[in-house]
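Student: Below is the sequence, then the predicted model.
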Amino acid sequence: MARHPVMVRQVCPLVPFSPDASPTLLASAEFVWEEHNTLELSFSLRPTQLGQQLPMLDFMDTAPGSSQGSGQRLDGLWEHTCFEAFFAQPNQDRYWELNVSPTGDWNLYRFESYRTDRVREQTPKPMIHWQSSKRDCRCTIVLSLDPWWTPVQLPELAISMVLKDSHNDLSYWALSHHGNEPDFHDRRAFLSA
């Protein structure tokens, strides 16, 4: 009898590091991991009240649509609006960081341990789809984990984002925050497999 593939799906709210210094909105992230080493992430932003508009953010004029054909592999995306995911194999120091901009720019890094020995991981470009309006926006990313993610095992996962508002102020959003400064690399914020 054939074995059915395993899939895990979870939706999580993202919370700002400094609520008083962050745009007033509801942010969430959804991830879908499939046993054949595909990770799908969706980031959603919407106003806290129905009928309101999103606060002015620096990506509001980004054209909606697929960014598969556009966008480049760039460093420093976290200095602007950036959707991020961190994933690791359980009980291992090595982990990966994915950065995606609403423009379709992206990068994937591997770290051997906490913030050390960062290298660009060789991987096909992820599929990135951006939808936006004055009342909501969504960034969906589909990333193949082959060939560098070898175990058929759900990763430990942290999902986060940096938002840049129209005044060039940055806010930092994650599943949870530990410590006195935003630190998306902190393994205490990773969801365990």
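Tutor: Great, that's in hand.
Student: and R188, how far is that from Y114?
Tutor: R188 sits 11 Å away from Y114, going by C-beta to C-beta, to the nearest Å. All C-beta atoms are positioned from the backbone trio N, CA, C, and that covers glycine.
Student: which residues in the protein form strands?
Tutor: For the chain, the strands defined by DSSP state E cover 7-16, 26-34, 38-46, 65-66, 82-88, 95-100, 106-111, 119-120, 127-132, 137-144, 156-164, 170-174.
Student: would you turn the ones you listed into CSV with distance to Q53, mean neighbour count and mean pLDDT?
Tutor: Compiled in CSV, these are given as follows (distance: least, C-beta to C-beta, whole Å; neighbours: other C-beta atoms under 10 Å; pLDDT from 0 to 100):
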stretch, distance to Q53, mean neighbour count, mean pLDDT
strand 7-16, 19, 14, 89
strand 26-34, 13, 18, 91
strand 38-46, 10, 20, 93
strand 65-66, 21, 14, 60
strand 82-88, 21, 23, 95
strand 95-100, 24, 23, 96
strand 106-111, 28, 19, 96
strand 119-120, 38, 10, 94
strand 127-132, 12, 19, 91
strand 137-144, 11, 20, 93
strand 156-164, 15, 23, 94
strand 170-174, 18, 23, 96
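Student: quick one: which of those strands is nearest L74?
Tutor: Among those, the nearest to L74 by C-beta to C-beta is strand 106-111 (6.1 Å).
Student: So which residue is smack in the middle of the chain?
Tutor: Centroid-nearest residue in the chain: E84, 2.7 Å away (criterion: C-alpha atoms, centre = their mean).
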